[in-house]
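Engineer: no sequence on this one, just coordinates:
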């Protein structure tokens, strides 16, 4: 059973990797190549430190913030009492009853087998944060990945620049231990940057369509079933690119990259394409 907020081995590995890459980037690569007392060296160190702090800060929030619980008082808006227990697909929303938790589930809520509870707008369970990614921590999770990608790219540029600089020197001044550390750092950095970039690209795709990872896989099957009977499937929560971004990152564009602002609403109800005027849905 997952115990949210506890420091597990994957979390320790993430933090240890960040610490190692920060040390090798700032105190070996930047200091050796530019010098921390030069304007270029100090500027790069400040920028990389900011990116690292933002990534680690959002990562910690994603670890410790509850992804969203279903209130014990939640009751679905059901018109017919005899249909309360059964799954109902109506205007893209689904009113369901969780047999494991013994309570009703709001739309887009799913039961996590690892956490053993229902999570609002559940995207997936992430072993690297020992927590589910859901309504309350999805944004900070995405921001963590974004700053992680930018920090990795910045670090890679510095690593490559330092390598070229060393190759052009007649007598390299780097010690054997420093070279070994930089080689290990580069070996970790490149696959890490690739993995985070793929993850970021995937979630940007999901955000633009206002889908979760679970809804994407459900949508593939729904589309296949709709095509079998000659119908067209449309994701019910797709409100258009801008509204989709707003629903995830918040109404203030200047706060999109700030961890403080969260989703709009409580996570119990979501706007659907059926709520929009016909003229809007056609554009």
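Structural biologist: Done, it's in. Small disclaimer: the values here were computed from a predicted structure and weren't measured.

Engineer: what about residue 207, helix or strand, and which?
Structural biologist: Per DSSP states H and E, residue 207 falls inside helix 176-208.

Engineer: helices of the stretch 1-150 of the chain, start to end?
Structural biologist: Shown for the stretch 1-150 of the chain, the helices assigned by DSSP state H, counting those that start in this stretch span residues 9-23, 31-33, 39-64, 138-168.

Engineer: mean pLDDT lowest where, among these?
Structural biologist: Per-stretch averages of pLDDT across the helices of the stretch 1-150 of the chain put helix 31-33 at the bottom, with a mean of 87.

Engineer: what's that helix packed up against?
Structural biologist: Judged by 3 or more Cβ pairs under 8 Å, 6 or more residues apart in numbering; DSSP states H and E, the packing partners of helix 31-33 are helix 138-168. (C-beta placed from N, C-alpha, C; glycine too.)

Engineer: and the helix it packs on, what's buried?
Structural biologist: Residues of helix 138-168 classed as buried by neighbour count (16 or more other Cβ atoms under 10 Å): 138-152, 154-156, 158-159, 162-163.

Engineer: need the contact partners of the next helix or strand after the helix holding residue 207.
Structural biologist: Counting by DSSP H and E, the next helix or strand C-terminal to helix 176-208 is helix 213-228. If you take Cβ atoms under 8 Å, 6 or more residues apart in numbering as the criterion, helix 213-228 is touched by 108, 110, 122-124, 206, 211, 232-233, 235, 237.

Engineer: out of the residues you listed, which is nearest to residue 13?
Structural biologist: Distances from residue 13 to the contacts of helix 213-228, taken as Cβ to Cβ, are shortest for residue 124 (18.9 Å).

Engineer: I'd like the contacts of helix 213-228 as TSV, with pLDDT and distance to residue 58 appended.
Structural biologist: Listed next are these as TSV, based on pLDDT from 0 to 100; distance: Cβ to Cβ, whole Å:
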residue	pLDDT	distance to residue 58
108	91	23
110	94	23
122	95	19
123	96	15
124	96	17
206	96	18
211	94	22
232	73	38
233	76	34
235	85	27
237	91	24
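
Engineer: list buried residues within the residues you listed.
Structural biologist: 108, 110, 122-124, 206, 211, 235, 237.

Engineer: out of the residues you listed, which is nearest to residue 17?
Structural biologist: So of the buried ones among the contacts of helix 213-228, ranked by how close each gets to residue 17 (Cβ to Cβ), first place is residue 124, at 21.1 Å.

Engineer: so that closest one is in contact with residue 133, correct?
Structural biologist: Yes - at 5.6 Å, residue 124 counts as touching residue 133 under the criterion of Cβ atoms under 8 Å.

Engineer: how far away is the closest residue to residue 178 other than its chain neighbours from residue 101?
Structural biologist: Spatially, and ignoring its direct neighbours in sequence, residue 178 is nearest to residue 28 (5.4 Å; Cβ to Cβ, 6 or more residues apart in numbering). Using Cβ to Cβ, to the nearest Å, one gets 50 Å for the distance from residue 28 to residue 101.

Engineer: between the two, which has more neighbouring residues?
Structural biologist: residue 28 (21 against 14; other Cβ atoms under 10 Å).

Engineer: hmm, the more buried one is touching residue 182, no?
Structural biologist: Yes - here residue 28 reaches residue 182: they are 5.8 Å apart, a contact under Cβ under 8 Å.

Engineer: just the pLDDT for residue 169.
Structural biologist: So residue 169 comes in at 69 (pLDDT).

Engineer: residue 194 - how many residues pack around it?
Structural biologist: 12.

Engineer: distance of it from residue 39?
Structural biologist: For residue 194 relative to residue 39 (Cβ to Cβ), the value is 32 Å.

Engineer: kindly report the same for residue 147.
Structural biologist: Taking Cβ to Cβ, one finds residue 147 at 24 Å from residue 39.

Engineer: centre of the chain versus stretch 106-120, how much separation?
Structural biologist: Put simply, stretch 106-120 sits 17 Å off its chain's centre (Cα atoms, centre = their mean, to the nearest Å).
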